[in-house]
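Colleague: need coordinates for the following:
(one chain, ligands or ions: 1)
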Amino acid sequence: MTEQAPAQILVRPYSPDDRARVREICFLTGYMGEPIDWQWRDQESFADMFTGYYTDVEPESAFVAELDGEVSGYLLGCVDSDRAWSPGSVAGRHILRRGIAFRPGTAAMIWRTFGDALADIVTGRTDPRKLEFADSRWPAHLHIDLLPPARGHGIGRRLMDCWFARLRAHRITGCHLGTLAENTGAIAFFESVGFRVHGPALPIPGPRRREGGRLHSQIMVTEVEALAGEDHT
Ligand SMILES: CC(C)(COP(=O)(O)OP(=O)(O)OC[C@H]1O[C@@H](n2cnc3c(N)ncnc32)[C@H](O)[C@@H]1OP(=O)(O)O)[C@@H](O)C(=O)NCCC(=O)NCCS
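Modeller: Numbering: from 1, shown residues only. I've put the predicted structure just below:
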């Protein structure tokens, strides 16, 4: 019987050469860690919504993980969320530039987004504007995604360690993230690295579960404590 060699793992800062791979991973993990193509068939616009700001404006807050020499995951951070592009505004740009409101593979989601948002307001279920989280106690935020073979090796925790070290170095004392309430594995992971659920789960206009029904946004937050004896001067 041949024994399998342990996977070689490298966690390192992002480099511009990683950009295409990061965008590909974003698309391959966009539905709670699974490919998003069954409800959004346009990698370019999807990757722009969820990675564009981080790779192109704040690359110094991005980290990648290599598994056996291949980039297999990333953490994309933003120290001041006021600066980040909202996915909605990026989608708006792509409606104009790439016609995604009229192309098969994206049009259905876009029109459903408008329909859901209108229905939520009219029925008083929720105000979609509440999905735009902003709270000065937790100014930073992040996205983290690993391809399936990279999961369960402690890589997520190592990427978070890099991110928290960066936040401490910049004296940023709080961080939030938005995940899906249905993504229970991700919530368990974030809790194990110090985050807690903040506020109610809110229905997201547009996307659907595979089995049908709405998906819900869940904000999580954590304080970032300065390490004892750490000197930021
Ligand atoms: C969520 C994710 C980043 C976790 O990374 P990971 O490398 O698999 O996690 P780690 O191996 O570092 O695990 C760290 C801790 O989280 C826990 N954890 C990780 N995934 C978990 C899961 N699915 N269910 C329960 N606990 C989990 C581990 O048990 C471990 O706990 P411990 O250190 O107390 O023993 C990764 O699984 C992933 O990319 N998933 C798909 C994409 C996704 O959902 N991203 C988040 C979108 S907001």
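Colleague: is Leu177 located within a strand, as I assumed?
Modeller: Yes. If the criterion is DSSP: H, G, I helix; E, B strand; the rest coil, then Leu177 is within a strand.
Colleague: show the contacting residues for it.
Modeller: By C-beta atoms under 8 Å, 6 or more residues apart in numbering, Leu177 lies in contact with His141, Leu142, His143, Phe190, Phe195, Ile219, Met220. Quick note: C-beta positions are derived from backbone N, CA and C, even for glycine.
Colleague: the residues you listed also near the ligand: which ones?
Modeller: With the criterion set as C-beta under 6 Å from any ligand atom, no member of the contacts of Leu177 is near the ligand.
Colleague: among those, which ones are buried?
Modeller: Burial by neighbour count, 16 or more other C-beta atoms under 10 Å: within the contacts of Leu177 this picks out His141, Leu142, His143, Phe190, Phe195, Ile219, Met220.
Colleague: which single one of these is nearest to Val71?
Modeller: Set against Val71, the nearest of the buried ones among the contacts of Leu177 by C-beta to C-beta is His143 (15.1 Å).
Colleague: run through who's touching the helix or strand harbouring Ala47.
Modeller: Element membership for Ala47 (DSSP states H and E) is helix 43-47. Outside of helix 43-47, the residues within contact range by C-beta under 8 Å, 6+ apart are 22-24, 26-27, 30, 36, 40, 90-91, 94, 98, 100, 106.
Colleague: minimum pLDDT in the residues you listed, which residue is that?
Modeller: Of all these, Arg98 carries the smallest pLDDT score, 88.
Colleague: show me what the longest strand belonging to the chain pairs with in its sheet, parallel or antiparallel.
Modeller: Identified as the longest strand of the chain according to DSSP state E is strand 196-208. According to DSSP bridges, strand 196-208 forms sheet pairs with strand 214-223 (antiparallel).
Colleague: what residues sit buried inside the partner strand?
Modeller: Arg214, Leu215, His216, Ser217, Gln218, Ile219, Met220, Val221, Thr222.
Colleague: so for that strand, mean pLDDT?
Modeller: 97.
Colleague: what's in contact with that strand?
Modeller: 116, 131, 133, 135, 137-138, 173-182, 187, 190-191, 193-199, 201-204, 207-209.
Colleague: out of the residues you listed, which end up buried?
Modeller: 116, 131, 133, 138, 173-181, 187, 190, 195, 198, 202-204, 207-208.
Colleague: before we move on, the earlier item: nearest to the ligand among the buried ones among the contacts of Leu177?
Modeller: The closest of the buried ones among the contacts of Leu177 to the ligand turns out to be His143 (C-beta to the nearest ligand atom; 6.5 Å).
Colleague: right, and that closest one touches Leu75 too?
Modeller: Yes. In this structure, His143 is within contact of Leu75 by C-beta atoms under 8 Å, at 7.3 Å.
Colleague: name the single longest helix found in the protein.
Modeller: Scanning the chain for the longest helix, with DSSP state H as the assignment, gives helix 107-123.
Colleague: neighbouring strands - and their directions - for the very next helix or strand once past that one?
Modeller: Downstream of helix 107-123, the next assigned helix or strand under DSSP H and E is strand 140-146. Using DSSP bridges, the strands paired with strand 140-146 are strand 70-78 (antiparallel), strand 174-180 (parallel).
Colleague: can you find the helix or strand of this protein with the lowest average pLDDT?
Modeller: When the helices and strands of the chain are scored by mean pLDDT, DSSP states H and E, helix 87-98 comes last with a mean of 92.
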